[in-house]
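**Student:** Next one to model:
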Amino acid sequence: MTRGACVRRHSATLILGLLALHAPRSTLHAQRTHLLIVTGLGGAPQYTEQFRNWGLALADVARKRYAMPDSEVVYLAEEGAKDPRISGASTKANVEATLARFAKRAAAGDQVVIVLIGHGSGAGEDSKISLPGPDLSARDFAHDLAPFTAQQVALVDLTSASGDMLPVLSAANRIVITATKSSFERNESVFARYFIAALTGDGADVDKDGRVSLLEAYRYAVTETKRYYDDQGRLQTEHAQLDDDGDKKGTAEPDVRVAANGDGSLARRVFLGGGGGVYASAVGANDPKLAALYKERFALEGRIDELKKRKASLSADAYDDALENLLVELAMKAKAIRAMEGRS
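**Tutor:** Numbers count the residues shown, from 1 in each chain. Okay, the predicted model is just below:
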């Protein structure tokens, strides 16, 4: 090995050590996910039932597949707690009280996911979801989400006319997904149906790791929504957007391969069951070795993301060496997981 290569290898080792020391808490400790599902006014029996069923399906998969405790899954519906899986009525007061409780108990590095299902209206800061009683606007949500300064927050607005929520709520360490690109796309959201299907089914799990990230769910819903309109021979009247880099600009088709720190970089690491603690315990409940492998894999993914953020401050050789080491280690970890699960 040449002196230059030795120096680069030594630099890479130092960088890896620094990454381990300064990795975010979410990669070193088990994350918890706090999930709030809100279904608003249906306006007609068929919509009320549809919204309720979507909410129940999402709550069920969070509790059963991702082993989220009941205390961290709150589902508020138009008709209140007619079903034991529903926590109460989806009034503005109940939504804001739930977010306030989450803010008090969420630890640094935890994930807070809010899913809004229903009809939307308004524009700009007055963009809102229709609820029993007073509605909740983008301005209200901006106030309610302000306390979450040390958590990863995802607000998924699956309502019609939801696009104007995005620039109002965009912020650092926050994911905002809207079913439309503006307040002018006011028809019933087809995207909502497919986004819920992505999180509750298996079709969106592109990397076949047994979990669906918000980015995978988004991409699946975008693809299926386009397919729906093409099959119907209709002009597409809704165009979903995703923002998670805090620039207040949504992206229709995020591609993290093009921009390492662009839209999609955070959404690909957020799951209903958390980034590595709760989910790994669930999938490996009968095999502690498998659970440990998953935790190590999630930690490696976090270290790679942190390295990419530091790329501009590193020499090309040091960055390449460090990235190569991490990618090799990640590939070996993934291979070990597949072997233990009996997958090729």
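
**Student:** ranges for the strands of the stretch 101-250 of the chain?
**Tutor:** 111-117, 120-121, 128-129, 136-137, 152-157, 174-178, 241-243 (DSSP state E, counting those that start in this stretch).

**Student:** Pick the most deeply packed of the ones you listed.
**Tutor:** strand 128-129 (a mean of 30; mean count of other Cβ atoms under 10 Å). Using the backbone N, CA and C atoms, a C-beta is placed for each residue, glycine as well.

**Student:** And the average pLDDT for that strand is what?
**Tutor:** Mean pLDDT, strand 128-129: 98.

**Student:** now for that strand, which elements pack on it?
**Tutor:** strand 120-121, strand 136-137 (3 or more Cβ pairs under 8 Å, 6 or more residues apart in numbering; DSSP states H and E).

**Student:** Quick one: closest of these to Y229.
**Tutor:** strand 120-121 (19.4 Å; Cβ to Cβ).

**Student:** give me the number of residues near A312?
**Tutor:** 8 (other Cβ atoms under 10 Å).

**Student:** Show me how this protein divides into domains.
**Tutor:** Split into domains by automatic domain parsing, the chain comes to 10-24+279-341, 32-273.

**Student:** least reliable of those going by mean pLDDT?
**Tutor:** domain 10-24+279-341 - the lowest mean pLDDT of the domains of the chain, at a mean of 71.

**Student:** returning to what we had before: buried deepest among the domains of the chain, which one?
**Tutor:** Taking mean count of other Cβ under 10 Å, domain 32-273 is the most buried of the domains of the chain, at a mean of 20.

**Student:** can you tell me the distance between the two ends of that one?
**Tutor:** Using Cα to Cα, to the nearest Å, the end-to-end distance of domain 32-273 comes out at 7 Å.

**Student:** Now A107. Nearest residue, chain neighbours left out?
**Tutor:** Of all residues not flanking A107 in the chain, R32 sits nearest, at 6.9 Å (Cβ to Cβ, 6 or more residues apart in numbering).

**Student:** hmm, I was thinking of E216
**Tutor:** Counting by Cβ to Cβ, 6+ apart, the nearest residue to E216 once its immediate chain neighbours are dropped is A204, at 4.8 Å.

**Student:** again with R268
**Tutor:** Nearest non-adjacent residue to R268 (Cβ to Cβ, 6+ apart): L215, at 4.0 Å.

**Student:** for G250, what are its contacts?
**Tutor:** For G250, the contact set (Cβ atoms under 8 Å, 6 or more residues apart in numbering) comprises G163, L166, P167, V176, T178, K181, Q241, L242, D243, D263.

**Student:** what's the answer for V73, then?
**Tutor:** L35, I37, A59, A62, R63.

**Student:** Mind checking which of these land in strands?
**Tutor:** With strands taken from DSSP state E, the overlap with the contacts of V73 comprises L35, I37.

**Student:** still on that earlier bit, columns distance to L314 on top of the helices and strands packed on strand 128-129, output as a markdown table?
**Tutor:** As requested, those are arranged in a markdown table below (distance: least, Cβ to Cβ, whole Å):
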| stretch | distance to L314 |
| --- | --- |
| strand 120-121 | 44 |
| strand 136-137 | 43 |
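
**Student:** do you know which of those lies nearest Q232?
**Tutor:** Proximity to Q232, assessed across those by Cβ to Cβ, is greatest for strand 120-121 (22.2 Å).

**Student:** So what touches the closest one?
**Tutor:** Residues outside strand 120-121 that contact it (Cβ under 8 Å, 6+ apart): 127-130, 135, 157, 159-162, 165, 183, 186.

**Student:** hang on, the earlier thing: which one of the strands of the stretch 101-250 of the chain lies closest to E296?
**Tutor:** Nearest to E296, of these and by Cβ to Cβ, is strand 111-117 at 19.4 Å.

**Student:** How far does that closest one sit from its chain's centre?
**Tutor:** Here strand 111-117 is found 8 Å from its chain centre; the criterion is Cα atoms, centre = their mean, to the nearest Å.

**Student:** Equivalent analysis for stretch 235-250, please.
**Tutor:** With Cα atoms, centre = their mean, you get 14 Å for stretch 235-250.

**Student:** Straight-line length of it, end to end?
**Tutor:** Criterion Cα to Cα; first-to-last residue distance in stretch 235-250 is 21 Å.

**Student:** got it, and stretch 150-162?
**Tutor:** Stretch 150-162 end-to-end distance (Cα to Cα) = 26 Å.

**Student:** Just give me how far it sits from the chain centre.
**Tutor:** 9 Å.

**Student:** Which residue ranges of the chain form helices?
**Tutor:** 3-22, 25-28, 45-64, 92-105, 138-145, 165-169, 190-200, 214-232, 278-283, 288-309, 316-341 (DSSP state H).
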